[in-house]
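[1] everything below, folded, please.
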Amino acid sequence: MAALFDVNIVLPDRTAYDKEASSLVVPAEFGYLGILAHHAPIIAKLKPGKITLRDSLGKLVVFTLDSNGFLEFSDNKATLLVDSLELPS
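    Model prediction:
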């Protein structure tokens, strides 16, 4: 089984996602950025695009980021701060 890490996607008024994942791909300022468990600490500016993650059960989950935002990854936890996000259907 793939190593897992925590993913939190936070909107101004609520938390949109707070679960474990085995991978995360985000639209960073200069291209898509992939994150796996135990990635080196990083802070990245996000731009509109698709946020794709594979949850702890292996299911692909896709969000559409409608705004800019930020990603911080440290201590095996990814936190995404965004203004607007379309949730998976």
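
[2] going forward, measure contacts between C-alpha atoms and count neighbours the same way
    OK.

[3] so Pro27 makes contact with Leu33?
    Yes. With contact defined as Cα atoms under 8 Å, Pro27 reaches Leu33; the gap is 6.4 Å.

[4] so which of the two has more stuff around it?
    Pro27 (23 against 14; other Cα atoms under 10 Å).

[5] helix/strand/coil for the more buried one?
    Three-state call for Pro27 (DSSP: H, G, I helix; E, B strand; the rest coil): strand.

[6] report the distance from stretch 64-73 to the chain centre.
    When distances are taken as Cα atoms, centre = their mean, to the nearest Å, stretch 64-73 is centred 8 Å away from the chain's centroid.

[7] put the alpha carbons of it into PDB.
    Below are the C-alpha coordinates for stretch 64-73, written out as PDB (Å, rounded to 0.1, in the frame of the first residue of the first chain):
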ATOM      1  CA  THR A  64     -11.500  22.500 -10.200                       C
ATOM      2  CA  LEU A  65      -9.700  25.400  -8.700                       C
ATOM      3  CA  ASP A  66     -11.400  28.700  -9.900                       C
ATOM      4  CA  SER A  67      -9.000  31.100  -8.100                       C
ATOM      5  CA  ASN A  68      -5.400  31.500  -7.100                       C
ATOM      6  CA  GLY A  69      -4.300  30.100  -3.900                       C
ATOM      7  CA  PHE A  70      -1.400  28.600  -1.900                       C
ATOM      8  CA  LEU A  71      -0.100  25.200  -1.100                       C
ATOM      9  CA  GLU A  72       2.100  24.400   1.900                       C
ATOM     10  CA  PHE A  73       3.500  20.900   2.400                       C
END
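
[8] buried set for that stretch?
    64-65, 68-71, 73 (16 or more other Cα atoms under 10 Å).

[9] with stretch 33-48 instead?
    35-37, 44-48.

[10] low-confidence stretches in this structure?
    1, 89 (pLDDT under 70).

[11] let's see it at 50
    Scanning the chain for pLDDT under 50 picks out nothing.

[12] the strands in it, which residues?
    Secondary structure of the chain (DSSP state E): strands at 5-10, 15-28, 31-36, 42-46, 49-55, 60-65, 69-74, 77-82, 85-86.
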